[in-house]
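Peer 1: Take a look and give me a structure for this.
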Amino acid sequence: MLSAFADLKTDRIPNGFLILGFLIGLSSSLCSGRNILEISGSVSLAFLLLYPLYMIGAMGAGDVKLFLMIGSFCTAKELLFILAGAFVIGAGFSLVKLLVEHNGRERIYYFFSYLSEVMRSGHWRIYGEDLVQDYHTYCRNKIHFAVPVLFSAAMRIGGLF
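Peer 2: Presented below is the predicted three-dimensional model:
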């Protein structure tokens, strides 16, 4: 919850929150009978799935580290449920944002231009790197992914999926 509030307020997730959460997750997992190999597997799975998205700029480093922390609390299967839920909820948030900002055509055009350039050049580039220079455009085109992650984790803990 602290990570989601920090992301909303500062556009960053402090490493201190994540380290503290990771240590709590590691300790509680060990106390509940999970072994270090299982915990490492969950954390590694989060890294392997999300690092490519970070590398192309589709996800922030704080979001990736947030999922590493979540991996310290849960099994690989639970992590996958939370990850899938976060992406579905994030897609819903993005759709609402597109409707509110009235920039759906612009975003679709940008996305296909990006894909076309990647296919033409054969090299990945950071998605949206040219938008960061214009802070207003940058804000119009991003969601704070820690919020969908929070909702997804809460729904999983609550047994909704």
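Peer 1: Go ahead and flag the most central residue of this protein.
Peer 2: The centroid of the chain falls nearest to D63 when counting by Cα atoms, centre = their mean (4.0 Å).
Peer 1: Now the element after the worst-scoring helix or strand of the chain on mean pLDDT, going C-ward?
Peer 2: Using mean pLDDT, DSSP states H and E, helix 135-140 stands out as the lowest-scoring helix or strand of the chain, at a mean of 63. Moving toward the C-terminus from helix 135-140, the next helix or strand (DSSP states H and E) is helix 146-157.
Peer 1: Tell me which other helices or strands the longest helix seen in the chain touches.
Peer 2: Looking across the chain with DSSP state H, the single longest helix is helix 76-101. Counting contacts by 3 or more Cβ pairs under 8 Å, 6 or more residues apart in numbering; DSSP states H and E, helix 76-101 packs against helix 36-55, helix 61-73, helix 146-157. Placement of C-beta: from N, CA and C, glycine included.
Peer 1: Just want the angle from it to helix 36-55.
Peer 2: Interaxial angle, helix 76-101 versus helix 36-55 (axes from the mean of the first three to the mean of the last three Cα atoms, to 10 degrees): 20 degrees.
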